[in-house]
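Participant: Structure of the sequence below:
(chains A, B, C and D)
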2 protein chains.
Amino acid sequence: MGVPLGADAPRHDISSVDDVLALVRESGGRVTNSRRLLLEAIFNDPGHHSAEDLAAIVQARAPDVHLSTIYRNLEELERLGVVVHSHLGHGPATYHLAAGAHCHFVCEHCGNAFKAPDELFVGLAERAKKQFGFSIDPHHFSIFGRCRNCQ
Amino acid sequence: MGVPLGADAPRHDISSVDDVLALVRESGGRVTNSRRLLLEAIFNDPGHHSAEDLAAIVQARAPDVHLSTIYRNLEELERLGVVVHSHLGHGPATYHLAAGAHCHFVCEHCGNAFKAPDELFVGLAERAKKQFGFSIDPHHFSIFGRCRNCQ
DNA sequence: ACGGCAACTGCGAATTCATTGCAATAAGTC
DNA sequence: GACTTATTGCAATGAATTCGCAGTTGCCGT
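Facilitator: Next up, the predicted model:
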């Protein structure tokens, strides 16, 4: 349903590495090896990855790619609306495809993150909007609490 | 109303610096100058304060109090259930009295934080509990989004 | 193919927020 | 006043991320 994503919606389909590289080029960027490898890592496993995780995956194939390059590429991909990051508690931020964005419950005791369906937030979103003019971004934040096992 | 606080409920009234110092002593702690000054800072302005802000306030009266002492005292006060901290976005954590705990909306554009009444979250809390066995802690996290002025 | 401009990269150093080890100090108890 | 030990100051450490800069490389025009 019309849940707006955090970034502005991309003007093209983004469902493969090459789609994204085309978008990169269109926006004045260049297709580099580290950029392609990073995208392959993200598309191969569309889960949560910290920048450091992604660096490790990329470095398996191109050991010289520096962590700061990963950060800079992630930053640009985020500008393009291809990936988003979210903060799952105290650890590093995690990155994933904007298309697969979802909300999270994070247990403050064991640190586990659980996917939370967007429907849970529509009531909150409507009331926040109506009462405060505030549009929540349900994907960027995570909800702290205690999971079933850690009560 | 019976909104449970993040930490376990204190066994005594906590409505003044001296109440807290009594509690500190009761739990085996000692009443020190830096601890009293920190508490006075928190009670004097029960809003959001970063550890660094609090350090500055305390240091106005006792310049030798070190930032790490502030952190350690805040940690203990949190153990005692007197203060809580919350993460309002990318900056430092903010501390405030547990008694005045509330939820926050944080604008991802201008960075402003807005108080969000607890009632907004009861529906979400109930469904999270029922469907996932997850008890949200509505005070520790903040909700990102866009405020009225930054849409 | 080739040259050139600017985007990109590697690298290390800097930043920010927070924690920790340790020796010196001081609170509370007797 | 002496003693025990919680607390403190300080500097070092740590984690996550950003930045400056010089060297590299993608891509465009020819």
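Participant: Get me the contact residues on chain A for DNA strand D.
Facilitator: Taking CB under 7 Å from any atom of the strand as the contact definition, chain A meets DNA strand D at A:25, A:30-33, A:50-52, A:67-68, A:71, A:75, A:91-93. Where you see a C-beta, it was placed from the backbone N, CA and C, and this is true even at glycine.
Participant: can you tell me which residues contact A:Ile14?
Facilitator: Listed by CB atoms under 8 Å, 6 or more residues apart in numbering or on different chains, the contact set of A:Ile14 reads A:Val20, A:Leu23, A:Gly81, A:Val82, A:Leu97, A:Ala98, A:Ala99.
Participant: Alpha carbons of the helix or strand harbouring A:Ala41, as CSV, please.
Facilitator: Assigned by DSSP states H and E, A:Ala41 belongs to helix A:33-44. Output of helix A:33-44 as CSV, limited to C-alpha atoms (Å, rounded to 0.1, in the frame of the first residue of the first chain):
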residue,chain,number,x,y,z
ASN,A,33,34.7,-2.3,-9.6
SER,A,34,34.1,-1.7,-5.9
ARG,A,35,30.7,-0.3,-6.6
ARG,A,36,29.7,-3.3,-8.6
LEU,A,37,31.0,-5.7,-6.0
LEU,A,38,29.2,-3.9,-3.3
LEU,A,39,25.9,-4.0,-5.2
GLU,A,40,26.4,-7.7,-5.9
ALA,A,41,26.9,-8.3,-2.2
ILE,A,42,23.7,-6.4,-1.4
PHE,A,43,21.6,-8.1,-4.1
ASN,A,44,22.9,-11.6,-3.3
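Participant: helices and strands around the very next helix or strand once past that helix, which ones?
Facilitator: For helix A:33-44, the following helix or strand on the C-terminal side (DSSP H and E) is strand A:49-50. Judged by 3 or more CB pairs under 8 Å, 6 or more residues apart in numbering or on different chains; DSSP states H and E, strand A:49-50 is in contact with strand A:94-97.
Participant: Tell me the helix or strand right after the strand it packs on.
Facilitator: Using DSSP H and E, the next helix or strand after strand A:94-97 towards the C-terminus is strand A:103-107.
Participant: I'd like the average pLDDT over stretch A:111-119.
Facilitator: Stretch A:111-119 shows a mean pLDDT of 88.
Participant: touching chain B at all, that stretch?
Facilitator: Yes. Contact of stretch A:111-119 with chain B (CB under 8 Å from any CB of the partner chain) involves A:Phe114, A:Ala116.
Participant: Check which residues of that stretch are buried.
Facilitator: A:Ala113, A:Phe114, A:Ala116 (16 or more other CB atoms under 10 Å in any protein chain shown).
Participant: One more: stretch A:123-131?
Facilitator: Those would be A:Leu124, A:Ala125, A:Arg127, A:Ala128, for stretch A:123-131 by 16+ other CB under 10 Å.
Participant: One more: stretch A:27-42?
Facilitator: Buried residues in stretch A:27-42, counted by 16+ other CB under 10 Å: A:Gly29, A:Ser34, A:Arg35, A:Arg36, A:Leu37, A:Leu38, A:Leu39, A:Ala41, A:Ile42.
Participant: so who does the third one touch?
Facilitator: Think A:Arg35. Counting by CB under 8 Å, 6+ apart, A:Arg35 has contacts A:Leu21, A:Val24, A:Gly29, A:Asn73.
Participant: tilt between the strand or helix carrying the last one and helix A:33-44?
Facilitator: Here A:Asn73 sits within helix A:67-79, counting by DSSP H and E. Relative orientation of helix A:67-79 versus helix A:33-44 (axes from the mean of the first three to the mean of the last three CA atoms, to 10 degrees): 60 degrees.
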